[in-house]
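Visitor: Here is my input, please return the structure:
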Amino acid sequence: MVTGGKTLAERRDSVARRPRLWTSVVRQRRRILDLVQHGYIWLWMLIFVLPFLTTFAYSLRTSDGISLSPYQHVFGSFKDNLLLSFEVTVISIVLNLLVALPAAYAIVRFPIPGKGLLLSILNLALYTPAAVMGISLVIVYNFLFHIAQSLTGLIGAYVVGTYPLMLIPIIVALRDLPQVYEEAARCLGANRLQTLFRVELPLLGPGISAGILLTFVIVFNEFLVTLFVAGPGNTTAALRVFNLTRTAGIQPSTAALASTMQIVSFVVVIAFFRFFGSRYLKGTYLI
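Guide: The predicted model follows:
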């Protein structure tokens, strides 16, 4: 049968092809949209990492061309600065843990009046400009504690500045931990310390790890507060980069030290996201 110049079979084929044609167009548009979105993300990622890539490239420049020889200074004349940075970072993490764990447990598990106000005061260091924090610590260390320009004062400054970064993820982890685990362990005969070390702390591992990560990244790379409170014999890697840049300009050896610090921080962050993700870094609810 012929209808309007086309057979009935041809009309049926034409109608059947329309959904397939429309599906093909939709898929093509989705591919284009995906390409645009991925291109947008990669463009901004390149813009963000360009300073780090440039620093690393500059650290390879020598009079003989591209070489790793500037990194000899990292493990030579800069080794003590890097070791000091690692030392104060580890000590700050340990002290933060010793203070933050019982504080977080008390805030979450016990009915303390004015929790919101208390937590705001404990987080005050996060909202204080680094220069103001540095000046305040210098005044306190000079006239009250008499530990100005000492290693003890430097570690104390780091603990004061990063304590909230350890506290908040642990609070979030405790909020996610049902008390039923603690009650079950006690019913099975575990005492309070056994319940804490064998049940609760392992379950709080991701939150504690998030606090360790934040503390490590901030303390290891801290510069401005260090500039105020560090003494002549307490030059961290970040402060050494600043001093060298100010006195000798940007040299490949200085860029090598800066790149090494970037690589260390990058490896630590990647390892954390690989094993724990970002859940406990958000801190979306606290009390």
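Visitor: how about the spatially closest residue to residue 56 that is not a sequence neighbour, secondary structure?
Guide: Counting by C-beta to C-beta, 6 or more residues apart in numbering, residue 259 is the residue found nearest to residue 56 once chain neighbours are left out, at 4.6 Å. C-betas here are computed from N, CA, C, even on glycine. At residue 259 the chain is in helix, as set by DSSP: H, G, I helix; E, B strand; the rest coil.
Visitor: Give me the neighbour count for residue 259.
Guide: When neighbours are counted by other C-beta atoms under 10 Å, residue 259 registers 22.
Visitor: can you start the count at 52 instead of 1 from here on
Guide: Sounds good: first residue 52 from here, last item residue 310.
Visitor: mind showing which ranges of the protein have poor pLDDT?
Guide: Low-confidence segments of the chain, defined by pLDDT under 70: 52-73, 76-77, 327-338.
Visitor: same thing but at 50, please
Guide: 52-54, 334-338 (pLDDT under 50).
Visitor: what does the domain assignment say about it?
Guide: By the assignment in automatic domain parsing, the chain contains the domains 53-110, 121-333.
Visitor: ranking those domains by burial, who's on top?
Guide: A comparison of the domains of the chain by mean neighbour count, using mean count of other C-beta atoms under 10 Å, puts domain 121-333 on top with a mean of 17.
Visitor: contacting residues around residue 279?
Guide: Counting by C-beta atoms under 8 Å, 6 or more residues apart in numbering, residue 279 touches 182, 185-186, 188-189, 208.
Visitor: Dihedrals phi and psi, it?
Guide: For residue 279, the backbone dihedrals (degrees, to the nearest 10) come out as phi -80, psi -40.
Visitor: do the one 3 residues further on as well
Guide: Phi and psi for residue 282, reported as degrees, to the nearest 10, are phi -90, psi 180.
Visitor: Wait, it touches residue 198, no?
Guide: No. Using C-beta atoms under 8 Å, residue 282 is not in contact with residue 198; the gap is 9.9 Å.
Visitor: Common neighbours of these two, please.
Guide: residue 204.
Visitor: Next, give phi and psi for the nearest residue to residue 301 once chain neighbours are set aside.
Guide: The shortest distance from residue 301 to any non-neighbouring residue, by C-beta to C-beta, 6+ apart, is to residue 109 (7.3 Å). Dihedral pair for residue 109: phi -70, psi -30, per degrees, to the nearest 10.
Visitor: check contacts around residue 109.
Guide: With contact set as C-beta under 8 Å, 6+ apart, residue 109 has these partners: 301, 303, 306.
Visitor: Out of those, flag the one nearest to residue 193.
Guide: Closest to residue 193 out of these is residue 301 (33.5 Å), distances taken as C-beta to C-beta.
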